[in-house]
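Participant: requesting a structural model of the entry that follows:
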Amino acid sequence: MKIESQIEKVSSFQHLELLANQVVEGFISGMHKSPFHGFSAEFAEHKVYNVGESTKHIDWKLFARTDRLYTKRFEEETNLRCHIIIDNSSSMHYPELKANQNFYENKIGFSVLASAVLMNLLKKQRDAIGLSVFSDTYEYYAPEKGSDRHHRMVLDALENTLIRPVVKKNTDTITFLHQIAEKMHRRSMIILFTDMFQSGSGDEALLSALQHLKHNKHKVVLFHVVDAKTELNFDFDNVPRKFIDVETGESISVFADNVKKEYEKQAALYFKKLALSCAQNKIKYVPVNVSDNFEKVLLTYLAEKQNFG
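Facilitator: Reported below is the predicted structural model:
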């Protein structure tokens, strides 16, 4: 896959923002009968219009009903602080994209577009957004802010994650989740996109890091990003294949059919164990498949926001 073709695909949507907006607008238009009807920039209350004030926020529909001028008074502070974390290790760049595929059909592309979609919704609600990107280093950090300039800067960082050349990078999730947790001082919703592939450390260490993210009463949502076709269902043709660990370089040659049944069993057990561990620690665990749309991500966010309180 040539990286230039993927850059063209991102640019053909006039960058990430337009594509994210299309996803959100499509989602909102189908949600008019949903319980989540409070996610436009709702104003807190009305106040009487005083001569000399800007007419920008006059509610003309209310004027037509009452024959009095009122302006919409908006909440001065953002409703929510949200910090998105993206795992950018080598395994997240799987599956390798063919020239005719969209950038969001692998795990990192799905995570980047899902993040941009959530940012679009957060911006509509005037919420503050922050971003962390990590692999074997802490690649990017931006604290939670709500300005247009900050939003654009974070979108640029997401785009750079897509177009950066792929090099072999291990996952040091545990170290960086602890570091991110130390930066989170004000209560926030923390959303993590990762494939949960760790090198070296066990599940207990990872859960300890996720628990650390929950300090100060933060809400943690873990989107477990997978290519279900191959990573969950081990759907390969039955010819001899060499499977290579993209982070360590280790390899094994097998016939897919010889291991498919046991692989599926172990993968299902791992997912079940993760879901149980997260539930016990009050972490919202949501597996997402790169071939699916973004509805599950958006519905999860809206449900968790309603419960954030």
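
Participant: ranges for the helices of the stretch 101-250 of the chain?
Facilitator: 107-124, 148-163, 173-183, 203-213 (DSSP state H, counting those that start in this stretch).

Participant: make CSV from the ones you listed and add distance to residue 30, mean pLDDT and mean neighbour count to it.
Facilitator: Heads up, the C-betas are built off the backbone N, CA and C, glycines and all. Compiled in CSV, the helices of the stretch 101-250 of the chain are given as follows (distance: least, CB to CB, whole Å; pLDDT from 0 to 100; neighbours: other CB atoms under 10 Å):
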stretch, distance to residue 30, mean pLDDT, mean neighbour count
helix 107-124, 14, 94, 25
helix 148-163, 24, 91, 16
helix 173-183, 34, 89, 18
helix 203-213, 32, 85, 17
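
Participant: would you list those in JSON lines and tack on distance to residue 49?
Facilitator: Converted to JSON lines, the helices of the stretch 101-250 of the chain look like this (distance: least, CB to CB, whole Å):
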{"stretch": "helix 107-124", "distance to residue 49": "25"}
{"stretch": "helix 148-163", "distance to residue 49": "26"}
{"stretch": "helix 173-183", "distance to residue 49": "42"}
{"stretch": "helix 203-213", "distance to residue 49": "45"}
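
Participant: so which of those helices comes closest to residue 223?
Facilitator: For residue 223, the closest of these is helix 107-124, at 7.1 Å, according to CB to CB.

Participant: and that closest one, what other elements does it pack with?
Facilitator: helix 15-29, strand 81-87, strand 128-134, helix 148-163, strand 189-194, strand 219-226, helix 295-306 (3 or more CB pairs under 8 Å, 6 or more residues apart in numbering; DSSP states H and E).

Participant: dump the ones you listed into TSV; add distance to residue 140 as well.
Facilitator: Shown next, in TSV, are the helices and strands packed on helix 107-124 (distance: least, CB to CB, whole Å):
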stretch	distance to residue 140
helix 15-29	15
strand 81-87	9
strand 128-134	4
helix 148-163	5
strand 189-194	14
strand 219-226	18
helix 295-306	20
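
Participant: what's the closest of the ones you listed to residue 174?
Facilitator: For residue 174, the closest of those is strand 128-134, at 10.5 Å, according to CB to CB.

Participant: quick one: the closest one to helix 148-163, angle?
Facilitator: 20 degrees (axes from the mean of the first three to the mean of the last three CA atoms, to 10 degrees).

Participant: contact partners of strand 128-134?
Facilitator: Residues from elsewhere that reach strand 128-134, judged by CB atoms under 8 Å, 6 or more residues apart in numbering: 78, 80-88, 115, 119, 122-123, 138-146, 150-151, 154, 157-158, 161, 172-173, 176, 180, 188.

Participant: repeat the analysis, applying 6 Å as the threshold.
Facilitator: The contact list for strand 128-134 (CB atoms under 6 Å, 6 or more residues apart in numbering) reads 78, 81-86, 88, 119, 122, 139-146, 154, 161, 176, 180.

Participant: next one: stretch 139-146
Facilitator: In contact with stretch 139-146 (CB under 6 Å, 6+ apart) are residues 78, 81, 83, 128, 130, 131, 132, 133, 154, 157.
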